[in-house]
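Trainee: Here you go, sequence then predicted model.
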2 protein chains.
Amino acid sequence: MGGGTQATPDRILDVAEAMFAASGYRAVSVRAITRECGVNIAAIHYHFGSKEALLEQIFAKRSAAINNARFRLLEACRAAPGRPPMLEQILEAYLRPSLVLPNGDAGARRFMRLRAILAHEHADMSKNLISKHFNHVSGTFLGALMKELDHLPAKVVYWRFHFLLGAQYFTLADPGRIQILSEGACDPSDSDTALAELVAFTAAGFRAPPSPHDALILGNVLP
Amino acid sequence: MGGGTQATPDRILDVAEAMFAASGYRAVSVRAITRECGVNIAAIHYHFGSKEALLEQIFAKRSAAINNARFRLLEACRAAPGRPPMLEQILEAYLRPSLVLPNGDAGARRFMRLRAILAHEHADMSKNLISKHFNHVSGTFLGALMKELDHLPAKVVYWRFHFLLGAQYFTLADPGRIQILSEGACDPSDSDTALAELVAFTAAGFRAPPSPHDALILGNVLP
DNA sequence: AAACGTTTCAAACAAGTGTTTGAACAGTGT
DNA sequence: ACACTGTTCAAACACTTGTTTGAAACGTTT
């Protein structure tokens, strides 16, 4: 990996991932990708078979690396159980590999942004891809969280993990909303700050006592 | 509003909103919309001018209703300050109009899902639309939150509002992830539960003490 | 040098995109 | 009856989409 020249298929994978992450899957045509690579239009179909197969290759290549890092960090948590607080450790183990660039490579972050965009843009296609590549790691971390929060009903933990995913995706996709609202004070591409803030926020959210339905009070105000 | 027949432009607005919310903006063609409406292809350009202008009309029509409801609910909070806890009241005032169907109309929820999808699919276009229609209400609620959390640095409140937006969008867009992970136990289209869980989670997140950067501990574990 | 499988290329394919056009239609007021 | 308005329609516009094709160029091996 790194600089220099790379074989045509690898270069296509790289360029396509970058363009998909920047503009979405539908918006980027095979012509735009091959033009950017300086290769012929037919190259994508020769090397990968189709535009969709190219996307699947990107998923296969990236998700393994990210999930391996997550498992390694989760092991590191268990190796030092005395280091408080465990909930924050688990959350950081899950979030860090997707948010912070490994080895200065922008790859993982870029891919996770692509994943976030695809989840919204192409729901049916991405549902299969994400299930295939992320069900295992998500299930493992859900188990770890439930063990740590065994006083909570499983349903509540699922909901809170769902909110965690939403906050993570929104940070990775970075639609620019927080920059506008904070007038530039906050920037999701500041990975270290984003990670620290997200861990603190979600840890507190997971620790919240389970709320009964009738805790909502404004329901009868609207006409 | 309601059942029965409606004028052609209104019907186009309605059908287009539903189709955009279901599949995204790019994926739905003007031909598909007009076919679904049973009108001629030229109808969209005659009544609205362009496909993009149609989208803007949808935004203009919906955002006013949602934001009015939010302001009304925020006023209701202030009218009864003794009713604890105020933070949950503010959050519910912000979230309820987007999550729970008003008057049994699926409209607001559908539109907010469209907004969530558009934010990811068509970042540049939606940034302007969302700024135009939602900066005011977001700013007002940010102010209310900061007043309630005046012990926190403004930056931290911005970050946490950003996470709130992410969790909200993810719930509205409903990419199906939580159903898979929870094996059907949780469903974002169960609005009341989603609202109650989201308010409880984010309220706890906002109440978290500000975390120093060095609270992260796993940074040196990765190779 | 000849033959090989692999890779690249320009060109075309069929289908779909947003948009425009000019004629036909409806309804109302004079 | 006519003219004037707002609306609908089939057809075409110029363009882009993903994909396929068959010939040319390549580097190896025999």
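Mentor: Alright, I've got the coordinates.

Trainee: quick one: secondary structure of A:H151?
Mentor: Three-state call for A:H151 (DSSP: H, G, I helix; E, B strand; the rest coil): coil.

Trainee: Now for it, how many residues are close by?
Mentor: 8 (other Cβ atoms under 10 Å in any protein chain shown). Yep, even glycine has a C-beta here, placed from its N, CA and C like the rest.

Trainee: From B:L181, how far off is it?
Mentor: Distance, A:H151 to B:L181, by Cβ to Cβ, to the nearest Å: 20 Å.

Trainee: Show me what the lowest-mean-pLDDT helix or strand in chain A is packed up against.
Mentor: Lowest on mean pLDDT, DSSP states H and E among the helices and strands of chain A sits helix A:107-121, with a mean of 88. In this structure, helix A:107-121 packs against helix A:8-23, helix A:51-79, helix A:86-99, helix A:123-148, helix A:154-173, helix B:107-121, with contacts taken as 3 or more Cβ pairs under 8 Å, 6 or more residues apart in numbering or on different chains; DSSP states H and E.

Trainee: What is the end-to-end distance of stretch A:78-91?
Mentor: Across stretch A:78-91, the terminal residues are separated by 13 Å (Cα to Cα, to the nearest Å).

Trainee: Stretch A:47-56 and chain B in contact?
Mentor: No: shown here: stretch A:47-56 not in contact with chain B (Cβ under 8 Å from any Cβ of the partner chain), separated by at least 14.2 Å.

Trainee: Quick check: A:V39 touching A:I12?
Mentor: Yes: with contact defined as Cβ atoms under 8 Å, A:V39 reaches A:I12; the gap is 7.2 Å.

Trainee: More neighbours: which of these two?
Mentor: Neighbour count, other Cβ under 10 Å: between A:V39 and A:I12, A:I12 has more, with 24 against 17.

Trainee: quick one: the more buried one from B:H47, how far?
Mentor: Between A:I12 and B:H47 the distance is 43 Å, computed by Cβ to Cβ.

Trainee: do A:N128 as well
Mentor: To B:H47, A:N128 is 38 Å away according to Cβ to Cβ.

Trainee: Between these two, point out the one with more neighbours.
Mentor: Set side by side, A:N128 and B:H47 show more neighbours around B:H47, with 17 against 10, by other Cβ under 10 Å.

Trainee: so where is chain A shaky, pLDDT-wise?
Mentor: Applying pLDDT under 70 to chain A picks out residues A:1-5, A:80-84, A:102-104, A:212-223.

Trainee: switch to 80 and redo it
Mentor: Applying pLDDT under 80 to chain A picks out residues A:1-6, A:78-84, A:101-107, A:211-223.

Trainee: Spell out which residues of it are next to DNA strand D.
Mentor: A:V28, A:S29, A:V30, A:R31, A:A32, A:I41, A:A42, A:I44, A:H45, A:S50, A:K51, A:E52 (Cβ under 7 Å from any atom of the strand).

Trainee: Sounds good, over and out.
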